[in-house]
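[1] Next one to model:
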Amino acid sequence: MSIGVCVSKAGRLVVLVSGSGTNLQALLDASADPSYGARVVAVGADREGIEGLARASRAGVPIFVRNVRDYPSREDWDVAIAAAIAAHQPDLVISAGFMKILGAPTLESFPVVNTHPALLPAFPGAHGVRDALAYGVTVTGCTVMLADDGIDTGPIIAQEPVRVLPGDDEAGLHERIKTVERRLLVDTVGRMVREGWTVSGRTVRIGNHIGGENS
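    The predicted structure follows:
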């Protein structure tokens, strides 16, 4: 089964953050150029007081916070975060360092783009850089994917390698990966909103979208 998505106007992005928001900043910077084809219409978080929210506020972008501990159950939080996202009518949701797994209310309503600091399916999970170093690989990298209900298991959209250098530690390697990751995320999201995309099984292709299916 194939799914095709075409965004016929400037793409509306809702970006979710849990920390410093460097990927968010890259998207804010890119979307300042009208030719990029997308703009950040809201930024959501799972906690107060983080730099990602401050970045959004400085850019004049609306923010919302939905903290899991404020809800009776994780299922209630899933519904609440989905409703907060829906209020901004996004074409794409970007999980930019968002440290929560999104539930069905969000995943079944919106395409969600996520990133990971390794070349999936190798080294999924919270310690992709550490695990790659421990395994002794000479090349790792970053992945941009469509999120699903697993941990880094969604269909891959784009990947780029990063060489492991002699003497690399986790922090230094991760910084080099994040530099590539920011550029790859910005490029991929821009192409998706400008050209549309199709999903067939686990294959995501940007461009050549199926006519008549709009988000």
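[2] hey, let's count contacts and neighbours off CA atoms from now on
    Will do.
[3] biggest helix in this protein by residues?
    For the chain, the longest helix by residue count, based on DSSP state H, is helix 170-195.
[4] Quick one: distance of it to the chain centre.
    10 Å (C-alpha atoms, centre = their mean, to the nearest Å).
[5] List the buried residues of the helix or strand just after that helix.
    Using DSSP states H and E, the helix or strand that follows helix 170-195 in sequence is strand 197-200. The neighbour-count check on strand 197-200 (16 or more other C-alpha atoms under 10 Å) flags 197-199 as buried.
[6] same question for the helix or strand that strand 197-200 is followed by, mean pLDDT?
    Stepping forward along the backbone from strand 197-200, the first helix or strand reached (DSSP H and E) is strand 203-206. Strand 203-206 carries an average pLDDT of 96.
[7] and if you look at stretch 118-130?
    97.
[8] Contacts for that stretch next, please.
    With C-alpha atoms under 8 Å, 6 or more residues apart in numbering as the test, stretch 118-130 has contacts from 116-117, 131-132, 140-143, 151-153, 156, 159-161, 170, 173-174.
[9] Stretch 96-111 too?
    The contact list for stretch 96-111, computed with C-alpha under 8 Å, 6+ apart, reads 15-19, 21, 23-24, 45-46, 75, 78-79, 81-82, 90-93, 114-115, 146-151.
[10] which of the residues you listed are buried?
    15-19, 21, 23-24, 45-46, 78, 81-82, 90-93, 114-115, 146-148.
[11] who's in contact with residue 170?
    By C-alpha under 8 Å, 6+ apart, the neighbours of residue 170 are 129-130, 133.
[12] I'd like those residues as a markdown table, with neighbour count appended.
    Compiled in a markdown table, these are given as follows (neighbours: other C-alpha atoms under 10 Å):
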| residue | neighbour count |
| --- | --- |
| 129 | 23 |
| 130 | 17 |
| 133 | 17 |
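[13] closest to residue 205 among those?
    Nearest to residue 205 among the contacts of residue 170 is residue 129, at 26.8 Å by C-alpha to C-alpha.
[14] I'd assumed the closest one was in a strand, is it?
    No: counting by DSSP: H, G, I helix; E, B strand; the rest coil, residue 129 is located in no strand; its state is helix.
[15] CA atoms only: put stretch 170-189 into PDB for me.
    Presented in PDB, the C-alpha positions along stretch 170-189 are these (Å, rounded to 0.1, in the frame of the first residue of the first chain):
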ATOM      1  CA  GLU A 170      31.300  10.300  22.700                       C
ATOM      2  CA  ALA A 171      30.900  14.100  23.100                       C
ATOM      3  CA  GLY A 172      33.200  15.000  20.300                       C
ATOM      4  CA  LEU A 173      31.700  12.500  17.800                       C
ATOM      5  CA  HIS A 174      28.200  13.500  18.800                       C
ATOM      6  CA  GLU A 175      28.900  17.200  18.100                       C
ATOM      7  CA  ARG A 176      30.100  16.400  14.600                       C
ATOM      8  CA  ILE A 177      27.000  14.200  14.000                       C
ATOM      9  CA  LYS A 178      24.700  16.900  15.300                       C
ATOM     10  CA  THR A 179      26.200  19.400  12.800                       C
ATOM     11  CA  VAL A 180      25.400  17.000   9.900                       C
ATOM     12  CA  GLU A 181      22.000  16.100  11.500                       C
ATOM     13  CA  ARG A 182      20.800  19.700  11.500                       C
ATOM     14  CA  ARG A 183      21.700  20.200   7.900                       C
ATOM     15  CA  LEU A 184      20.100  16.900   6.800                       C
ATOM     16  CA  LEU A 185      16.900  17.600   8.800                       C
ATOM     17  CA  VAL A 186      16.500  21.100   7.300                       C
ATOM     18  CA  ASP A 187      17.200  19.800   3.800                       C
ATOM     19  CA  THR A 188      14.900  16.900   4.100                       C
ATOM     20  CA  VAL A 189      11.900  18.800   5.600                       C
END
